[in-house]
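[1] here is a sequence together with a model predicted from it:
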Amino acid sequence: MTGTDAAILALGLALAIQVFRHIRLRGSIHRLTESLRHPDQALRVNTGNRWLTPKFIRDLARQIEAELQDRSERIARQSLQERFTESMLDQFDDGFVVVDQNLRILSANRAANESFARLTGVTGRTVIEAFLDHRIADVAKRALADQTKTVETLRLEEFRTVNGERMERYLTVESAPLPVSTHGVQGAWLLLRDESERYHVEQIRKDFVANASHEIRTPLSIIIGYLENLSEGNVTNPQVAERFYRVMSKHAGRLARIVEDMLTISKLEGPSGALRSEVFDLAESAFDMVEQLQPLIHEKQASVVILFPDDDRSLEGDRFYWDQIFFNLIENALKQNDKPGFEVQVRMSSTALEHIIEVADNGVGIPGSHLPHVFKRFYRVERSHAQNQVKGTGLGLSIVKRAVEAHRGTVTVSSKPGQETVFRICVPKSGIPSPPA
């Protein structure tokens, strides 16, 4: 081979290498471009071959690879943080949703979907579509328009049953603009909190104060009126004066009973109302209360029969409150009935886990319309035959319910007017939960 041929061959080889490197360079640049377009795919640039890939391409590829790795880690951390936040929000009972500027829901927690929404799966729907109440949407609108937090409590035209009662539903709605854009758009968060129970308890408190004031004022007015007549010398007949004293004594006793019952309820519901735990004989408690009520039993010419098993009648609980339970149930039955041959039965049966106690009578019964309300405070089923008697406090059955519930039990009532009324208590044999350590 001549020198000229060798030179031509060398030139051709050099040209071929340059063409190959050019094609390789274009391929590497294309793959780098694709990697930037699709950061989730692996970088397909050979950064280890110095002959096939130019140095500046290798350096650039390593830099892009590091950037993509960092970005991937940031995305993974952000995704983990979002899942953690969603998991935390799902534990709340309050509904929480994020909306865009058009009030379309971007995300919602479990409570928003299950407890507040009228449709299944609210994400992607507008607030009005999801909750069917323009007032909820109005709160979010005002928050976005004013760029400030907005709070409003709504009374919904909706009722729900609580212990046989129909109750209005109250919803507190809070909304505020998001501090940063979410999903690339400006929006707001919306919090939905069901306040029905709080309003219901507050109403009970107000009713309790009003009823207690009325119940206390009545005997006080009678006692004060009679005392004024006696002190001013308007009563000269000894027999009339004696009748005045009897009436005042009766109403003073009623007043003392009201105060005592109110204190009992206060102890049961107060923070210091923890029950004492002791194992005692339920039959003993029932027999003791029947003994205390003997004067009333004799006055009514009634009979009280206690039917308890010879064994398996012990309960772990607070004996004081079980005395209250038996006393109030038996006294209530006696006071509400004047039927000749009237009988009250206090009976008990047991399962492996609970005692079932029933206080039944064969008296006049309770009308069905009154049954859902008999455990309310100061509620009384008026009897035409008892109008001349001093009323009870109206707190006895309320005390029974609270005391039974404090022992993790339930109490129900059923009645067939003119035949039988039965108060049924189911309570675990270990009636008081262990105190916290």
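    Arrived safely, thanks for sending. Numbering: from 1, shown residues only.

[2] what element comes up after the helix or strand hosting R193 heading to the C-terminus?
    In the assignment (DSSP states H and E), R193 maps to strand 187-194. Scanning forward in sequence from strand 187-194 by DSSP H and E, the next helix or strand is helix 196-231.

[3] same for that following helix, what does it pack against?
    Here helix 196-231 touches strand 165-177, helix 238-269, going by 3 or more CB pairs under 8 Å, 6 or more residues apart in numbering; DSSP states H and E. Every C-beta, even on glycine, is put in place using the N, C-alpha and C of the backbone.

[4] could those go into TSV alongside mean neighbour count and distance to A112?
    Below are the helices and strands packed on helix 196-231 laid out as TSV (neighbours: other CB atoms under 10 Å; distance: least, CB to CB, whole Å):
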stretch	mean neighbour count	distance to A112
strand 165-177	18	12
helix 238-269	15	32
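
[5] local confidence estimate at T33?
    In this model, T33 is scored at 60, pLDDT.

[6] how about P179?
    Looking at P179, its pLDDT stands at 76.

[7] tell me which helix or strand it sits in.
    Secondary structure assignment for P179, by DSSP H and E: no helix or strand.

[8] how about I204: what's its closest non-neighbour residue?
    Distances taken as CB to CB, 6 or more residues apart in numbering place R377 nearest to I204, at 7.6 Å, with adjacent residues excluded.

[9] sec struct for that neighbour, please.
    Under DSSP: H, G, I helix; E, B strand; the rest coil, R377 falls in the coil class.

[10] of all the helices and strands packed on helix 196-231, which one is nearest P219?
    Among those, the nearest to P219 by CB to CB is helix 238-269 (3.8 Å).

[11] just the CA atoms of the helix or strand hosting V344, as CSV, please.
    Counting by DSSP H and E, the element that carries V344 is strand 343-350. This file holds the C-alpha atoms of strand 343-350, laid out as CSV (Å, rounded to 0.1, in the frame of the first residue of the first chain):
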residue,chain,number,x,y,z
GLU,A,343,-98.5,-5.4,93.3
VAL,A,344,-94.9,-4.5,92.5
GLN,A,345,-92.4,-7.2,91.6
VAL,A,346,-88.7,-6.8,91.8
ARG,A,347,-87.1,-9.7,90.0
MET,A,348,-83.7,-10.7,88.6
SER,A,349,-82.2,-13.2,86.2
SER,A,350,-78.6,-13.5,85.0
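
[12] what strands flank it, and is each parallel or antiparallel?
    Strand 343-350 sits in its sheet next to strand 303-307 (parallel), strand 354-361 (antiparallel), going by DSSP bridges.

[13] phi, psi for the residue nearest to I204 please.
    With angles defined as degrees, to the nearest 10, R377 sits at phi -70, psi 140.

[14] low pLDDT regions in the stretch 101-250 of the chain?
    By pLDDT under 70, the weakly predicted segments of the stretch 101-250 of the chain are 119, 157-167, 180-185.

[15] ok, now with 90
    Within the stretch 101-250 of the chain, the ranges that satisfy pLDDT under 90 run 101-134, 136, 145-148, 153-171, 178-250.

[16] mean confidence for the helix or strand that contains I325?
    Assessed by DSSP H and E, I325 sits inside helix 319-335. Averaged over helix 319-335, pLDDT sits at 91.

[17] how about V422, secondary structure?
    strand.

[18] do G365 as well
    Assignment for G365 (three-state DSSP): coil.

[19] thought it was touching P417?
    Yes. If you go by CB atoms under 8 Å, G365 and P417 touch, sitting 3.4 Å apart.

[20] more crowded one of those two?
    Taking neighbours as other CB atoms under 10 Å, G365 and P417 compare with G365 leading, 19 against 12.

[21] how far away is that one from P372?
    Per CB to CB, to the nearest Å, G365 is found 15 Å from P372.

[22] now F244
    40 Å.

[23] quick one: list the elements packing against the helix holding I325.
    strand 278-281, helix 282-292, helix 294-300, strand 343-350, strand 354-361, helix 396-406, strand 420-428.

[24] again, only this time at 7 Å
    helix 282-292, helix 294-300, strand 343-350, strand 354-361, helix 396-406 (3 or more CB pairs under 7 Å, 6 or more residues apart in numbering; DSSP states H and E).
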